[in-house]
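Requesting a structural model of the entry that follows:
(one chain, ligands or ions: 1)
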Amino acid sequence: MRVLSAQGLRKSYGGTPVVSGVNLEIEAGECFGLLGPNGAGKTTTLRCLLGLTEPDGGEVSILGFPIPGSARRARARIGVVPQMDNLDPDFTVRENLVVYARYFGLDQGAVDARLPGLLEFAGLAHRADAKIQTLSGGMKRRLTLARALVNDPDLLFLDEPTTGLDPQARHVMWEGLRRLLNQGKTIFLTTHFMDEAERLCDRLSILDQGRIIAAGTPAALIERHIEPLVVEIYGEQARTWGEANGHLCERMETAGETVFCYTHGDEAVLERLRGAQGMRYLNRPANLEDVFLRLTGRELRD
Ligand code: ADP
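Predicted coordinates for the structure are as follows:
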């Protein structure tokens with residue numbers, strides 16, 4: 001079943017196109033990732049999908065409801081985890097969930113029935129009466145995720161769910177998201193963490209300058225857009241080494257003091273490196289970050 005469809009989505013600000021003909025389709029039970037560098041148009045796309053920003057053109061439908069016409073009805077079956085935690089600091093953990101549940105029109109009985117499960121999901125059953133300021137960043141994120149589940153949504157939108165979290169907290173968030181996928185929920189997430197996208201997402205679209213420049217499963221994107229092996233060579237001598245030995249690579253990229261050697265067979269490169277004194281290097285399979293950097297470039301986008 002199709003949970004979300006967007007066709008020809010367009011939005012400009014002050015005559016500058018920000019979203020330029022985006023098509024997206026998401027099936028029930030999928031984890032779909034929208035990737036893109038800063039300013040690519042991810043948040044604007046997300047806001048158009050949720051009916052919070054009116055697009056200049058295009059058709060959107062979520063769970064069968066046309067957006068923005070029936071956005072309110074669609075939102076009753078959607079959960080949203082915004083980029084910034086916007087929990088109410090004056091309330092406790094429990095109160096934050098209760099207030100949000102009321103907003104969705106749940107009565108006291110329904111709230112009481114749902115609360116223990118949500119607290120358990122957030123790993124905050126023992127902190128139900130704690131004030132928000134006393135929670136760690138990871139706890140706040142988990143509470144925001146649990147809060148997005150108060151209406152038992154079919155579809156969850158997450159805008160950069162693990163930005164600012166430490167590795168432990170990120171792994172706990174990923175476990176939570178996997179649990180939700182196992183329960184059959186559909187997830188739409190934006191992220192610029194390629195490892196997150198590779199781990200969680202069934203399918204991805206890469207957005208750059210308002211256009212989708214590549215789409216597919218993580219494995220298909222890697223296979224289609226990049227050589228399968230990479231040797232990273234580090235340090236002061238890396239550039240000089242690269243200039244002398246670049247012919248051993250199918251494609252070479254340089255960023256600062258690191259040379260990236262992309263190839264289908266890394267043996268000749270590794271042999272040459274082993275023979276050289278004091279070269280630091282790492283050989284690894286190509287990943288989504290290599291694809292992302294190849295397609296969107298290495299220049300900063302701030
Ligand atoms: P991303 O989420 O991928 O970083 P955004 O959708 O936030 O990208 O922004 C895309 C571009 O649109 C940026 O150049 C941003 O400055 C511009 N933009 C976003 N929202 C507005 C707005 N409300 N008014 C004017 N420009 C905007």
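
from here on, contacts and neighbour counts on C-alpha atoms
Noted.

hang on, Arg294 is in a helix, isn't it?
Yes - secondary structure of Arg294 (DSSP: H, G, I helix; E, B strand; the rest coil): part of a helix.

Contact partners for it?
By C-alpha atoms under 8 Å, 6 or more residues apart in numbering, the residues touching Arg294 are Ile226.

and the stretch 1-150 of the chain, which residues reach the ligand?
By C-alpha under 6 Å from any ligand atom, the residues of the stretch 1-150 of the chain that approach the ligand are Tyr13, Val18, Gly36, Asn38, Gly39, Ala40, Gly41, Lys42, Thr43, Thr44.

next one: the helix or strand encompassing Phe188 to chain centre, how far?
Element membership of Phe188 [criterion: DSSP states H and E] is strand 186-191. Distance of strand 186-191 from its chain centroid, counting by C-alpha atoms, centre = their mean, to the nearest Å, is 6 Å.

Double-check His264 against Glu223; I have them as touching.
No - using C-alpha atoms under 8 Å, His264 is not in contact with Glu223, being 11.1 Å away.

before we move on, back to that, if you go by neighbour count, which of the residues of the stretch 1-150 of the chain next to the ligand are buried?
Val18, Gly36, Ala40, Gly41, Lys42, Thr43, Thr44 (16 or more other C-alpha atoms under 10 Å).

Confirm the last one sits in a strand?
So the one you mean is Thr44. No - going by three-state DSSP, the assignment for Thr44 is helix, not a strand.

Tell me which residues touch it, please.
Contacts of Thr44 (C-alpha under 8 Å, 6+ apart): Lys11, Val18, Val19, Thr53.

residue contacts, the last one?
Each residue near Thr53 by C-alpha under 8 Å, 6+ apart is listed here: Thr44, Arg47.

Could you rerun that using 6 Å?
Shown in contact with Thr53 (C-alpha atoms under 6 Å, 6 or more residues apart in numbering): Arg47.

Can you classify it by secondary structure?
coil.

For the following helix or strand past the strand holding Phe188, which residues meet the burial criterion?
Sequence-wise, the next helix or strand downstream of strand 186-191 (DSSP H and E) is helix 194-200. Within helix 194-200, the residues that count as buried by 16+ other C-alpha under 10 Å are Met194, Glu196, Ala197, Glu198, Leu200.

how far away is the first one from the ligand?
Met194 sits at a distance of 15 Å from the ligand (criterion: C-alpha to the nearest ligand atom, to the nearest Å).

which residues touch that residue?
Leu288, Glu289.

now swap in the fourth one and tell me
Taking C-alpha under 6 Å, 6+ apart as the contact definition, Glu198 lies against Pro218.

at 10 Å what do you get?
Counting by C-alpha atoms under 10 Å, 6 or more residues apart in numbering, Glu198 touches Gly33, Leu204, Thr217, Pro218, Ala219, Asn287, Leu288, Glu289.
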